[in-house]
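A.B. asks: structure, please.
(chains A and B)
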Amino acid sequence: MKEPNRGKTLPIRGRAWKFGDDVNTDLIIAGKYKLSITDLDELSRHAMEGLIPDFAERFRRGDLIVAGRNFGCGSSREQAPLVLKHLGVGAVIAKSFARIFYRNAINIGLPAAECRNVNRISDGDILEVDLEAGLVRNVTKGESYRITPIHPDLLQILVEGGLINYVKKHGALPWQLRSGR
Amino acid sequence: MAGVGKTISEKIFSAASGRDVWAGDLVVAEVNSAMAHDGTALLAIEAFEEMGGTKVWNPSRVALFLDHVAPSSNETFSKVHKRMRRFAFKHGIPLYEVGSGVCHQLMVEEGYVRPGELVVGADSHTCTYGALGAFATGIGSTEMAAVFLSGKLWFKVPETLKIEIEGSLPPFVTPKDVALRVIGEVGADGATYQAVELHGSTIEEMSVEGRLTLCNMAVEMGAKTGIINPDEKTYSYLSQLGLNPGRGLSSDPDAQYAKMLEFDVSSLEPQVACPHAVDNVKPVSEVEGTPVDQVFLGSCTNGRIEDLRLAAKILEGKVVKRGLRMIVTRVYLQALREGLIETFVKAGCAVCNPGCGPCVGAHQGVLAPGEVCLSTSNRNFKGRMGCTDAEIYLASPATAAATAITGRITDPRSVVRA
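C.D. replies: Got it, this is the predicted structure:
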């Protein structure tokens, strides 16, 4: 088997919800819900509840999350990126990510990008995220910011909509498609 | 890079990927063991089946644990447990039933971790096993499914933050206090993506149980793992468990580090992490007297026999303050034999089966609005113990026992003379 062709990502456009530093996985989805609810519709209703109690009600599909340092720190719970994706989060842009959250986001197909200039973005700004160009355009403010390029192998998983879809499409894991390994 | 030494992490990834790799390299590596628990296994099982998985790469190197909601407190999780039992039976995977213990302790005691190995777990505190000189790190559920399928996963070989800890710990000052002191200094994201390698005379003197506590907390500074070069203590600890420790790897003296930090703990005061961040650390004297409603002794951080011995030594012959409740979770047998459970029960503690329930807000000690808990666990995030309007302080088993006696945050040294 040979490696798949590189897919294309469309720019993601949406309204920014602005958060601060160290948004941990308990704030994204609390353990008490994660350990009593397995239905994703029901679980998603409690997303970000620790920070904005009616977040899930007010959130509109396609909106974006913009945060400071260390987004998703804490637990390895994949339910954290899953509830965000399920609500329709277009992408998470943060100054930095906790590593397990970042891996999980890519593996479930939730775009996550690091951007040094998140402090320039205000709550409610309209943004366009272009993962391939490595750019965030702030339509409201008429500015553009660089995002740290996503490794091409990981971008490919994201483009396919996550690791499960990747395997369904290619019949193997990314590393099983390479010769020698 | 010829002539330049390697860190233990670079050596383990070189061995596991079959090529000579350095910090910054992206590698596909073979893992030696993998684990998931009832908080993360369901998604991994579903992903495995969705990916078309029919056979687990090596069932004897995978372990499943029922510890997060154990015994189950609700029908939804009873169904999760049932599904996990079925999956384990079908694939011949060892499953550790409710009451067996906390996954991170069992992974060590049951021989899933040896020095020099690469271990992944669908839990952020998998970094605990670095105390044995293994590279152990937390991953997500979907990628755990990929490990179930192939026994492999991609990793970025991390840079290393080297921390030298020097000095003998004063009486009733514990490895937990060292962990909190370091996290307070480094910060909640100060070691993100890095391996934290612990060195120094304090570490050399420290028991393996204490090292497990230290490495357990590495993720609270964002680290990929906490790791300690194996020594004779490591090998004899594993031998005493009846395990063959093999021969591990160690960092070269000329290995390259991203950064180096030094701590002197010879006059360290007991430390407390204040609400709602693990890096919001203060010496106990600054928060002494804060009224407390609940004390929790247990978790993957401080639920080992040494922790119970220390708390029991302080609680012996005393009673928990009226109006305060103390919850203890721990593997029974050894604690029973040593009379520790009797001490706790006589002191008025609620002794529960071992598990993660109180720490993650699942059950066995969910807080009410306005309440304050002092816990020996690893996270004090808002809402962590089930209530967003409660406050959690993190401290050592000694500080926990002293606090239970007085009902207020208390320096253990003021309760017991060393």
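A.B. asks: now do the SS call for the closest residue to chain A within the stretch 151-300 of chain B.
C.D. replies: Going by CB to the nearest CB, chain A is nearest to B:D189 of the stretch 151-300 of chain B, at 3.7 Å. Backbone N, C-alpha and C define where each C-beta goes, glycine included. Judged by DSSP: H, G, I helix; E, B strand; the rest coil, the three-state class of B:D189 is coil.
A.B. asks: in chain A, where's the longest strand?
C.D. replies: As assigned by DSSP state E, the longest strand anywhere in chain A is strand A:12-18.
A.B. asks: tell me the mean pLDDT over that strand?
C.D. replies: The average pLDDT within strand A:12-18 is 97.
A.B. asks: helices and strands around that strand, which ones?
C.D. replies: strand A:64-67, strand A:126-130 (3 or more CB pairs under 8 Å, 6 or more residues apart in numbering or on different chains; DSSP states H and E).
A.B. asks: and after that strand, which helix or strand comes next?
C.D. replies: helix A:25-28 (DSSP states H and E).
A.B. asks: spit out the contact partners of the residue nearest to B:L243 when sequence neighbours are not counted.
C.D. replies: Counting by CB to CB, 6 or more residues apart in numbering or on different chains, B:L243 lies nearest to B:G111, which is 4.5 Å off, once chain neighbours are set aside. B:G111 is in contact with B:238, B:241, B:243, counting by CB atoms under 8 Å, 6 or more residues apart in numbering or on different chains.
A.B. asks: give the burial count for the residue in the stretch 1-150 of chain B that chain A sits nearest to, as a bare number.
C.D. replies: Chain A sits closest to B:G140 of the stretch 1-150 of chain B, with a gap of 3.8 Å, by CB to the nearest CB. By the measure other CB atoms under 10 Å in any protein chain shown, the count of residues near B:G140 is 31.
A.B. asks: do B:S201 as well
C.D. replies: B:S201: 14 neighbours (other CB under 10 Å).
A.B. asks: likewise for the one 3 residues further on?
C.D. replies: Neighbourhood size, B:E204 [other CB under 10 Å]: 13.
A.B. asks: surely it touches B:P230?
C.D. replies: No. Look at B:E204 against B:P230 with CB atoms under 8 Å: they stay out of range, at 11.9 Å.
A.B. asks: B:D67: which element?
C.D. replies: In the assignment (DSSP H and E), B:D67 maps to no helix and no strand.
A.B. asks: that one contacts B:A36, correct?
C.D. replies: No. Assessed by CB under 8 Å, B:D67 is found out of contact with B:A36, at 10.9 Å.
A.B. asks: neighbour count: these two, which is higher?
C.D. replies: Between B:D67 and B:A36, counted using other CB under 10 Å, B:A36 has the larger neighbour count: 30 against 27.
A.B. asks: now B:L297, which residues is it bridged with?
C.D. replies: As for beta bridges, B:L297 partners with B:V328 under DSSP bridges.
A.B. asks: that one and B:T343: what is the separation?
C.D. replies: Note on B:L297: its distance to B:T343, by CB to CB, to the nearest Å, is 12 Å.
A.B. asks: tell me the residues of the stretch 1-150 of chain B that contact chain A?
C.D. replies: Within the stretch 1-150 of chain B, the positions adjacent to chain A are B:26, B:28, B:39-40, B:42-43, B:47, B:50-52, B:68-69, B:73-74, B:76-77, B:79-80, B:121-124, B:126, B:138-143, B:145-146, B:149-150 by CB under 8 Å from any CB of the partner chain.
A.B. asks: pipe the helices and strands packed on strand A:12-18 into a markdown table and attach distance to A:L35 per row.
C.D. replies: Shown next, in a markdown table, are these (distance: least, CB to CB, whole Å):
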| stretch | distance to A:L35 |
| --- | --- |
| strand A:64-67 | 24 |
| strand A:126-130 | 33 |
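A.B. asks: so which of these gets nearest chain B?
C.D. replies: That would be strand A:64-67 among the helices and strands packed on strand A:12-18, by CB to the nearest CB, at 12.1 Å.
A.B. asks: just after that closest one, pick out the following helix or strand.
C.D. replies: Assigned by DSSP H and E, the successor of strand A:64-67 is helix A:79-87.
A.B. asks: what helices or strands is that next one leaning on?
C.D. replies: helix A:25-28, helix A:40-44, helix A:99-108.
A.B. asks: tabulate those (TSV), appending mean neighbour count.
C.D. replies: Output for the helices and strands packed on helix A:79-87, formatted as TSV (neighbours: other CB atoms under 10 Å in any protein chain shown):
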stretch	mean neighbour count
helix A:25-28	28
helix A:40-44	15
helix A:99-108	27
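A.B. asks: so can I have a markdown table of those helices showing mean pLDDT and distance to chain B?
C.D. replies: Shown next, in a markdown table, are the helices and strands packed on helix A:79-87 (pLDDT from 0 to 100; distance: least, CB to the nearest CB, whole Å):
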| stretch | mean pLDDT | distance to chain B |
| --- | --- | --- |
| helix A:25-28 | 96 | 4 |
| helix A:40-44 | 97 | 10 |
| helix A:99-108 | 97 | 4 |
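A.B. asks: relative to B:E288, which of those helices is closest?
C.D. replies: helix A:25-28 (27.2 Å; CB to CB).
A.B. asks: so what touches that closest one?
C.D. replies: So helix A:25-28 is contacted by A:47-48, A:50-51, A:72-75, A:77, A:80, A:83-84, A:101, B:379, B:381-384 (CB under 8 Å, 6+ apart).
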